[in-house]
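Colleague: here's my sequence, what's the structure:
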Amino acid sequence: GLLRDMIVDHLPDIFVKHIYALASIAGSVICLWLLRAGLAGTAVYISAAAVVMIRLLAAHYKWNLWKIEHFHD
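Modeller: Purely as a prediction, here's the structure:
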């Protein structure tokens, strides 16, 4: 879907509508933070749980990202 949207010059929904990218970034930051804190055994599980929780909350409360205007010359 992302590649299709880019080919037809449409701003992909992942950047404006859904929380996918934000949840993934949050999970990555949590994982890195826990790895640096020495919690390698649980870092993956906690960060994955955080991503799932963000996505479930976003679906339940219908959260969306802010719209970015797409300008053409």
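
Colleague: and the longest helix seen in the chain, what does it pack against?
Modeller: With residue count as the measure and DSSP state H as the assignment, the chain has helix 40-61 as its longest helix. Taking 3 or more C-beta pairs under 8 Å, 6 or more residues apart in numbering; DSSP states H and E as the contact definition, the neighbouring helices and strands of helix 40-61 are helix 20-36. From N, CA and C alone the C-beta is placed, and that goes for glycine too.

Colleague: kindly calculate the angle that the helix it packs on makes with helix 40-61.
Modeller: 160 degrees (axes from the mean of the first three to the mean of the last three C-alpha atoms, to 10 degrees).

Colleague: buried ones in helix 20-36, by neighbour count?
Modeller: Residues of helix 20-36 classed as buried under the neighbour-count rule (16 or more other C-beta atoms under 10 Å) are Y20, L22, A23, A26, G27, I30, C31, L34.

Colleague: so the fifth one sits against A48, correct?
Modeller: Yes. Checked against C-beta atoms under 8 Å, the pair G27 and A48 is within contact range at 6.6 Å.

Colleague: distance of the nearest residue to S28 once chain neighbours are set aside from I19?
Modeller: Distances taken as C-beta to C-beta, 6 or more residues apart in numbering place S47 nearest to S28, at 7.2 Å, with adjacent residues excluded. S47 is 16 Å from I19, where distance means C-beta to C-beta, to the nearest Å.

Colleague: if anything else comes up later, I'll come back, but that's it for now.
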